[in-house]
Structures are given as C-alpha cells and as structure tokens.
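Engineer: would you be able to build a 3D model of this:
(one chain, ligands or ions: 2)
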Amino acid sequence: MEEAVLVLIKPDALQKNLTGDILSRISSTGLEIIGAKVVKVSRELAETHYAHLRDKPFFEDVIDYICGKQHGRNKVIALVYYGEDAISKLRALAGKTNPEEADPTTIRGAYGRITTKGVYENVVHVSDSPENAEKEIKLWFSPEELIIDLYPTRTQVEGSRVHKVWA
Ligand code: UDP
Ligand code: MG
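Structural biologist: Numbers count the residues shown, from 1 in each chain. Ligands and ions are numbered 1, 2, ... in the order given. You can find the predicted model right below:
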C-alpha cells in the first residue's frame, strides 16, 4: 500500500553532521520525498508530537532533546516520504527505539547513544503507523508545503489571503 511517513532528523544528528548519510540511506529505499523543511521546534509542537509519552518519567528530557537543548541549536529537519510500505521500510532502516538494541547496520544502531540520564538519543524519528503518520504530518506540515494532496483540506480566508488548511 502506498503511504506517507514523517521523518525527523533530530538535533543530535544535525550536530554530528549526519544529514547527508541519513538522506542517502533513505534514498536507497526508492521512496519519494514530498515535503522537507528545517524547523525551530516550539515547546508546544514538541509536547503535541510526544503527547503519548506525557506520563513517562523521561518526558521532560525528551522534550528538551527534540528542542535541541543538549545539542547546541533548536532545529530539526522534517521530511515527508511517500511510497509502497513507506512506514515499515523506514522503521526498519531507523532500527529499534533503544540504540543499544538497534542493529548496528541501522541508523539508530550506527549513530545513537543513551545519555547518562537514560535518554535515548536515537538520531531520527519515523512515524510508526498510518494513523500516527497522518497525525504527525498534519502537525508538522501545512497542505501547501506538500507536493501531493495526502488528506482532505478546506480553504481558509484571512483578509486578502486565501490558503488551504487540513479539514
Ligand atoms: N525515549 C527514551 N526512552 C524510552 C523511550 C523513548 O528516551 O524508554 C525517547 C526516544 O528518543 C524515542 C522517543 O522518546 O525516539 C519517542 O518514543 P517512542 O516510544 O515513540 O519511540 P520511537 O517511535 O521513536 O521508536
Ligand atoms: Mg514513536
């Protein structure tokens, strides 16, 4: 099934200059890139993205991590890929959540680490299901930032500006 997936190149990857390697690993899947941008991550965006972890003891650390607090700058690269079995292909390429358990040939296995505080600095985020991919893509991207119409939209008028928003 053709599907879309959100990938985030996290602040540790950017600080370690891993962007090129990660993008070329992903290119090897043949999946199509349909959206890309550099994002300064607000606390609100981070908390919404990681809402499923709100009750975990490491929640604050993970929010600080995605906001770049430990890695010099508040920035991630956000990408949307599209194609056959995109989610399972990219989850396999990323490897397990825990970088110590991830196969060394995967992105997380090769470049991830666990901090002394126990946070998994695992280099990339990849959506884990079509439902979460839709939620995450709608959170990180507006319809006009994607070159394929993935989900229903509606037109919003703001003064003289007319633009598309997610329905
Ligand atoms: N995380 C962590 N410790 C854990 C579980 C998760 O530090 O025990 C961090 C890790 O950076 C992970 C993120 O929280 O990527 C989101 O967790 P999730 O369970 O969604 O894993 P993922 O989908 O990223 O593999
Ligand atoms: Mg997840």
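Engineer: surely Trp166 and Ile137 touch.
Structural biologist: No: assessed by Cβ atoms under 8 Å, Trp166 is found out of contact with Ile137, at 9.1 Å. Heads up, the C-betas are built off the backbone N, CA and C, glycines and all.
Engineer: which residues of this structure lie near ligand 1?
Structural biologist: Residues of the chain that fall close to ligand 1, judged by Cβ under 6 Å from any ligand atom: Leu53, Phe58, Val62, Thr97, Val119, Tyr120, Asn122, His125, Asp128.
Engineer: and the fourth one, its phi and psi?
Structural biologist: The one in question is Thr97. phi -60, psi -50 (degrees, to the nearest 10).
Engineer: how far away is it from Arg91?
Structural biologist: Distance of Thr97 to Arg91, computed by Cβ to Cβ, to the nearest Å: 10 Å.
Engineer: show me which of these two is the more surrounded one.
Structural biologist: Arg91 (18 against 13; other Cβ atoms under 10 Å).
Engineer: just list the residues touching that one, thanks.
Structural biologist: Residues near Arg91 by Cβ atoms under 8 Å, 6 or more residues apart in numbering: Val126, Asp128.
Engineer: and it, that one's in a strand?
Structural biologist: No: counting by DSSP: H, G, I helix; E, B strand; the rest coil, Arg91 is not found in a strand; it is helix.
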